[in-house]
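Undergrad: I would like to see how this sequence folds:
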Amino acid sequence: MKTYDEKHVKNIVLLGAAKSGKTTLSETMLFEAGIISKRGTVEEKNTVSDYHEIEYERGNSVYATSMHTEWRDYKINVIDTPGLEDFIGEVIASIRVCDTAVLLLNAQYGVEIGTELIWDYVDKYRKPTILAVNQLDTEQANFTKTLEEARETLGNAVTIMQYPVNQGPGFNAIIDLLKMTMYRFPPNGGKPEKLPIPDSELEQANKLHNELVEKAAENDDSLMEQYFEKGSLDEDELREGLKIGMLKHQVFPVFCLSAKNDMGSGRLMGFIDNVAPSAIDMPPETTEDGAAVPCDPAGPACLFVFKTLQEPHVGRLTFFKVMSGEVKPGMELINEKGNTTERISQLFIADGKNRNNVDKLRAGDIGCTLKLKNTLTNHTLCDRNFSGQIAPIDFPPPKVRVAIEAKNKADDEKLSEVLAEIHMEDPTLEVEFNRELKQVILHGQGDLHLLVTKWRLENIYKMPVDFLPAKIPYRETIQKPAMASYRHKKQSGGAGQFGEVYMKIEPWYEGMPPLKDFPVRETEEIPLSWGGKLVFNNCIVGGAIDARFLPSILKGIMEKMQEGPLTGSYVRDIRVSIYDGKMHPVDSNDISFKIAGMMAFREAFHQAAPQLLEPVFDLEATAPDFMMGDVMSELQSRRSIITGMDTLNGYQVIKARTPQAELDKLFAALRNVTQGKAKLRSTFAEYAPVPPEVQKKLSEEYRKTESVA
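TA: As a prediction, the model looks like this:
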């Protein structure tokens, strides 16, 4: 396969909401370039991009898929991405390594919530952007409305490059404002006929062409001078101005498409070739230390891993972008993250499940290799002349969670290994082995994300699993002071066990006054790993309990605080004062006082108005105005407290405080009532008291489990 220099390699990522036509466009681009001889369809399950079994079953993309085309002496690397928020990690990684984003807008629906979510990341990485208004051949197509919504969301950088002559079921013609030509497509699509702009469109075309010229000129002083001198710019000058504007994030050219009918994709690829930036045009990548990494094929070899994938019958596939230098088969590169050396045994360009061998890849290109042992997503491989790690991709935190266990207990250890492997492939899926809750918990981007993981475990790894509700990490505390004593006495022939402890417990808070009831000889403040504090006062006078037994009393209290008296949850924020007790000269020992301390604490706790606390999260829900009633209803039905409302780009933003016990169900419910058009974010806020009826129910359930045990 031909090796292209860095100026003739263009990396694009196809983005958009679900059903915007990304996979269809990628198929059409490959067909136009002659990479494939026949276009597949999502419905027939024969596209290059969607080739995984789960994608066949679901009828939409789950993974980001790398492909390439060769168009008029340029190589275009194409990454087709999923359109569902559950798979946002695939989208973010693809945006990071591509140099131009092609954002598809469905002409029937305009700018959707999913589009806005994706745009947040395109904007974050300041990627040059092309807008492709697709499905202009549908009954409800509305180019003007879509354009208006794009400008409302993305601003005045949205720049018309083309507009449709006859949108709707008869769509077959586009006015191109760069070429000032009308392209008319044959009924089956493909190569268009170039025609003069009809008289009926000439006034509109001239007006928009002048706007395009002004937009191109304003991005560069020399072009602005040319524009003032000549009153216009020629085609090459327009291209230069548009490229500069794209790099500055001040021009987002708009193209017209019917990807399904192969209309407009060739013109789009021509623009990508001639105008869209290549990696060498982009600002250099940086290392974690902030050092620049120029895209220079003569520089030291350095590649950045943006995706890893375990393929059946193949093994681990590692996808990377060459940031600097050249990469060839047989090279040994250093992975500083694991302080290991990896050998690049084979080098490929991927087209879906097909891999094409190449002799080398130069700076700016994208490729993949097989069977790297210690290299994962976000790792950097480099030769000895390069130092540092490329700054990692920043993935979003999970939104929902579920507990998971193997149906066959003998698979427990294997399940842990497989989940670690899946997390390696998908960093947005986090695995937590929670000792407190005694559960393995999966944290994901949504219910579908978790269900796809379950499907993979059962169908790829042949490991049946169960999903269970994830337990809530409650906390226990008290609301008033209480006093209790406990005598532990055990006689069993010979030396026995004896220890008696008197204690007072109180709710602890920052800045509380010193204890007045008893003289305090010594105080120990213990920050608890699960949050809050235990303050332990030694108030013993007259030698009622030897000082050597105080650590044992504290140990007993700490053990009970790790399995609280109310629900078995961690206890926090309590001050304990040991003020009296009794010993036996023979039978008193550490175990006796540990048990006495534990039981005295337990009894005092039950008398101190115990309070169960639950984790509460700050929730932000963004949805269209007309859905606000349904959103508010769902929030209020799940113990949420509305804390504020705002308006953002025509959407309503509701802020609320929601208990974690309701959060997982709430995410699913809100997605359902808004048809996936809601954008949801949550962050931990605080621990707060649960309602009395909830505390009573949970406490009773715990007592039943204790009695069974």
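
Undergrad: do I have it right that Ser232 meets Val213?
TA: Yes: between Ser232 and Val213 there is a contact under Cβ atoms under 8 Å: 5.8 Å. (Each C-beta comes from the backbone N, C-alpha and C, glycine too.)

Undergrad: more neighbours: those two, which one.
TA: For Ser232 and Val213, the more surrounded residue by other Cβ atoms under 10 Å is Val213, and the numbers stand at 21 against 14.

Undergrad: need the nearest residue in space to the more buried one, chain neighbours excluded.
TA: Residue nearest to Val213 in three dimensions, not counting chain neighbours: Leu233, with 5.3 Å by Cβ to Cβ, 6 or more residues apart in numbering.

Undergrad: look at the one you found and give its secondary structure.
TA: Remark: Leu233 carries the secondary structure label coil [criterion: DSSP: H, G, I helix; E, B strand; the rest coil].

Undergrad: residues touching the residue nearest the centre of the chain, list them.
TA: Within the chain, one residue has its C-alpha closest to the average C-alpha position: by Cα atoms, centre = their mean, that is Pro396, at 3.5 Å. Taking Cβ atoms under 8 Å, 6 or more residues apart in numbering as the criterion, Pro396 is in contact with 88-89, 92, 428, 445.

Undergrad: can I get those in a markdown table with pLDDT and neighbour count?
TA: Supplementary listing: the contacts of Pro396 in a markdown table, determined by pLDDT from 0 to 100; neighbours: other Cβ atoms under 10 Å:
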| residue | pLDDT | neighbour count |
| --- | --- | --- |
| Ile88 | 94 | 23 |
| Gly89 | 95 | 23 |
| Ile92 | 97 | 24 |
| Thr428 | 95 | 21 |
| Gln445 | 91 | 23 |
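
Undergrad: can you name the two of these that sit furthest apart?
TA: Considering Cβ to Cβ, no two members of these lie farther apart than Ile92 and Gln445, which are separated by 10.8 Å.

Undergrad: my read is that Trp455 contacts Glu55, right?
TA: No: using Cβ under 8 Å, Trp455 is not in contact with Glu55; the gap is 11.0 Å.

Undergrad: when those two are compared, which one has more neighbours?
TA: Remark: of Trp455 and Glu55, Glu55 carries more neighbours, 21 against 15, as counted by other Cβ under 10 Å.

Undergrad: sec struct for the more buried one, please.
TA: Secondary structure state of Glu55, per three-state DSSP, is helix.

Undergrad: need the contact list for it.
TA: The neighbours of Glu55, taking Cβ under 8 Å, 6+ apart as the test, are 61-63.

Undergrad: select from the residues you listed the one having the most neighbours.
TA: Most crowded among the contacts of Glu55, counting by other Cβ under 10 Å, is Ser61 at 25 neighbours.

Undergrad: how many other residues sit next to Ala547?
TA: Using other Cβ under 10 Å as the criterion, Ala547 is surrounded by 11 other residues.

Undergrad: picking up where we left off before, closest one to Ile545 out of the contacts of Pro396, please.
TA: Closest to Ile545, out of all of the contacts of Pro396 and judged by Cβ to Cβ, is Thr428, at 53.9 Å.

Undergrad: isn't the closest one right up against Val452?
TA: No: contact between Thr428 and Val452 fails when scored by Cβ under 8 Å: they sit 11.7 Å apart.

Undergrad: can you name the residues bridging to Lys533?
TA: According to DSSP bridges, the partner residues bridging Lys533 are Pro527.

Undergrad: dihedrals phi and psi, the residue nearest to Met331 when sequence neighbours are not counted?
TA: Across the structure, with Cβ to Cβ, 6+ apart as the measure, the residue nearest Met331 apart from its sequence neighbours is Ile344 (4.8 Å). Here the main-chain torsion angles of Ile344 (degrees, to the nearest 10) amount to phi -80, psi 90.

Undergrad: I'm done for today, thanks for sticking with me.
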